[in-house]
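Chemist: curious how this folds, go ahead:
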Amino acid sequence: MKNFLKNVLPLPAKRSVAYHNEIVSRLDLLGQQYSEIESNLGQRYNEIESSLGQRYNEVMSRLDLLSQQYREMMLRLALTRAPGRGPITPDAGDGWDEYYDNAEGAETLQVEHYIIPLLSKHTIPFNRVLDFPSGRGRIAEAFYKVYAENIEYFVCCDANSNAIDNCRERFAGNDVFDYMVNKTHEYQCIPFEFSNESFTFVYSFDSMVHFSYKWIDFYMSEFYRILDNGGYLFIHHSNLGSPDVVTDNRKSEIYYENPGGRSPNSAEDIRFISEKHGFSVVEQNIFDWAVPNSDCVTLLKK
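Modeler: Numbers count the residues shown, from 1 in each chain. Prediction:
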């Protein structure tokens, strides 16, 4: 019996060692393959992160350049005016062409970064939309790409007739779009030519940051008039007037003398004006633009 066991036991023992070694070898191979995959994924992640970081820096650099060009443009316009009569709100002249040209290309990132995150948290009726002031329609184009399936009627409205002509060319063949040149005057507020409750959603981006308190107060009453009950208003405005915002120089009532051409309004000003006209303030988000915390987006409901 002992001889039998002595002859039989070594064979499975040898097989067991060989099988163990084979498993170890396979595990080593798998570990090596895993390390290679992990390394490749890490390298690819770093490449993507670097690319996105570079793209972000390019966009922010462009925004800084736009801010600088805007301020220079406004100062040039100011030199053509009578001393002491500088406007507190932008006019609708052709001096915006340089800004329009340079702003093209930033709209997709701006819509994705500043507008969609706020709107996506709420159930908003996009049936009938107004973009005011629309400029050449760059924000309208980016906005429409996101919400096209919900939009039945989209109006681009601006006091600059040349900008509206550009909108007509931009959206030629799209029957959803309509256009309006609204009447305006440097020292006089003129109502929209829209009927009451014409829209379910109104938005303003990269424009009313320059509007005076008086003009925002007036347009807020107009927005309330032309919005449906239950409609929403999204407005991008200045927060430069907040005591928490620090600037190198005194904050001026004349917008083009301030960083980024921002008016000296604040998020609290907009809240007060909005509620005075009957709106409910849904949310306000303050962010950096011309200087830290210089801008704000406010979502209102009628």
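
Chemist: okay, and the helix or strand of the chain with the least pLDDT?
Modeler: Every helix and strand in the chain was compared by mean pLDDT, DSSP states H and E; the lowest is helix 2-8, with a mean of 46.

Chemist: let's verify the residue lying closest to Gly137 once chain neighbours are set aside: helix, strand, or coil?
Modeler: Spatial nearest neighbour of Gly137, chain neighbours left out: Cys167 (4.0 Å); criterion: CB to CB, 6 or more residues apart in numbering. Placement of C-beta: from N, CA and C, glycine included. Look at Cys167: counting by DSSP: H, G, I helix; E, B strand; the rest coil, its state is helix.

Chemist: I'd say Cys167 and Cys156 touch.
Modeler: Yes: using CB atoms under 8 Å, Cys167 is in contact with Cys156, at 4.3 Å.

Chemist: got the contact list for the spatially closest residue to Ala148 that is not a sequence neighbour?
Modeler: Using CB to CB, 6+ apart and skipping residues adjacent in sequence, the residue nearest Ala148 is Val176, 7.9 Å away. Taking CB atoms under 8 Å, 6 or more residues apart in numbering as the criterion, Val176 is in contact with 144, 148, 151-154.

Chemist: tell me which of these fall in helices.
Modeler: Counting by DSSP state H, the contacts of Val176 place Tyr144 in helices.

Chemist: quick check on the contacts of Val176: which are buried?
Modeler: Buried by 16 or more other CB atoms under 10 Å: 144, 151, 153-154, out of the contacts of Val176.

Chemist: correct me, but Tyr224 touches Glu275?
Modeler: No: applying CB under 8 Å as the test, Tyr224 and Glu275 come out as separate, 10.9 Å apart.

Chemist: more crowded one of these two?
Modeler: Tyr224 (19 against 13; other CB atoms under 10 Å).

Chemist: apart from its neighbours in sequence, what residue is nearest that one?
Modeler: Among residues not flanking Tyr224 along the chain, His277 sits closest, at 4.8 Å (CB to CB, 6+ apart).

Chemist: got a list of what the one you found touches?
Modeler: By CB under 8 Å, 6+ apart, the contact list for His277 reads 220-221, 223-224.

Chemist: 6 Å - rerun?
Modeler: If a contact means CB atoms under 6 Å, 6 or more residues apart in numbering, then His277 has 220-221, 224 as its contacts.

Chemist: that one and Phe234, how far apart?
Modeler: 16 Å (CB to CB, to the nearest Å).

Chemist: and Ile48, by the same measure?
Modeler: According to CB to CB, Ile48 and Phe234 sit 31 Å apart.

Chemist: tell me which of the two has more neighbours.
Modeler: Comparing Ile48 with Phe234 by neighbour count (other CB under 10 Å), the higher total belongs to Phe234, at 21 against 10.

Chemist: so for the helix or strand hosting the more buried one, what gets flagged as buried?
Modeler: Assessed by DSSP states H and E, Phe234 sits inside strand 227-238. If you call a residue buried by 16+ other CB under 10 Å, then strand 227-238 has these buried ones: 227-228, 231-238.

Chemist: and stretch 246-256, by the same measure?
Modeler: Buried, per 16+ other CB under 10 Å, within stretch 246-256: 247, 251-252, 254-256.

Chemist: again, but for stretch 111-122
Modeler: 111, 114-115, 118-119.

Chemist: of all these, which two lie farthest apart?
Modeler: Pairwise distances across these (CB to CB) peak at 11.0 Å, for the pair Val111 and Leu118.
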